[in-house]
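# Give me the fold of what follows.
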Amino acid sequence: MTDSLLVAAVSVLGTLAGGGLTAAVTFRSERRKDAALAEQQRMQLLSAEQQQLRLLQAEERRQIRELQIDHRRQVYQQFLADAHAVNHDGDRLGDMIMRSRYEAVGDIDALAAEVDAAVRAVGGSVHKVQLEGPEAVAQLADELMLCLSQLPPTLRTLRRWRQNGSRAEPGEETPVDSWFQTHSRLNDCLDAFLTAARSAMDDLLRVSGPDR
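Numbers count the residues shown, from 1 in each chain. Predicted coordinates:
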């Protein structure tokens, strides 16, 4: 009887122990699964946050590049507008000077003052081009500014020459020749600057392509 009870007790204890071991193994397995799932979720969240950060940084770079492009375009356009104003008014002034000996023309002194003021205005915008760059564009802006600055004194010489009777020896270079040469150089400088400015804008737009 006692032996039977002992065997039964051992059997029950063995069953309980086996059940407890199975439960412990199952618990540890579930904990590992939960831990693995939590780690996976953490990594997914971290990846999403990093992707969002990359998108925000890319958008910030895009906005900065757009501001740079707009600023460069405005600087170039202002300089060209000022330079064309000098060229246009200089043409008008030269034409008035040439016609003044044969017909009544407008106020030459007033237009000459406008040309001088326009040249000074270009002097302000050329500094912005020099700061904006690139170097090739800045150099051509300097050359264009030099051509523009030569226009007022050339026209003043032309005016004095016309007022004094336009006398010249055969084959001698006259102020009219100097005016034509200055005007031609000015147009060449304008064309060269415009070409370089377009190239610089194209380069900036290429660099500002989509982020990889």
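
# ok, and the closest non-adjacent residue to the residue nearest the centre of the chain?
The centroid of the chain falls nearest to I69 when counting by CA atoms, centre = their mean (2.8 Å). Among residues not flanking I69 along the chain, L204 sits closest, at 5.7 Å (CB to CB, 6 or more residues apart in numbering). To be clear about C-beta, it is placed using only N, CA and C from the backbone, and glycine gets the same treatment.

# which element is the one you found on?
helix 175-207 (DSSP states H and E).

# Please apply the same query to H88.
H88 belongs to helix 2-99, assigned by DSSP H and E.

# what's the next secondary structure element after the helix or strand of the chain with the lowest mean pLDDT?
Ranked by mean pLDDT, DSSP states H and E, the weakest helix or strand in the chain is helix 2-99, scoring a mean of 78. Following helix 2-99 in sequence order, the next helix or strand is helix 108-132 (DSSP H and E).

# Now the element after that following helix, going C-ward?
Taking DSSP H and E, what comes next after helix 108-132 is helix 135-163.

# That following helix: which residues count as buried?
When burial is assessed from 16 or more other CB atoms under 10 Å, helix 135-163 yields the following buried residues: 137-138, 140-141, 144-145, 147-148, 150-152, 154-156, 158-159, 161-162.

# now the angle from it to helix 108-132?
170 degrees (axes from the mean of the first three to the mean of the last three CA atoms, to 10 degrees).

# Just give me how far helix 135-163 sits from the chain centre.
For helix 135-163, the distance from its own C-alpha centre to the chain's C-alpha centre is 29 Å (CA atoms, centre = their mean, to the nearest Å).

# With E169 as the reference, measure out to Q78.
44 Å (CB to CB, to the nearest Å).

# who's more crowded, these two?
More neighbours surround Q78 than the other of Q78 and E169, with 16 against 7 (other CB atoms under 10 Å).

# Fine, thanks again, bye for now.
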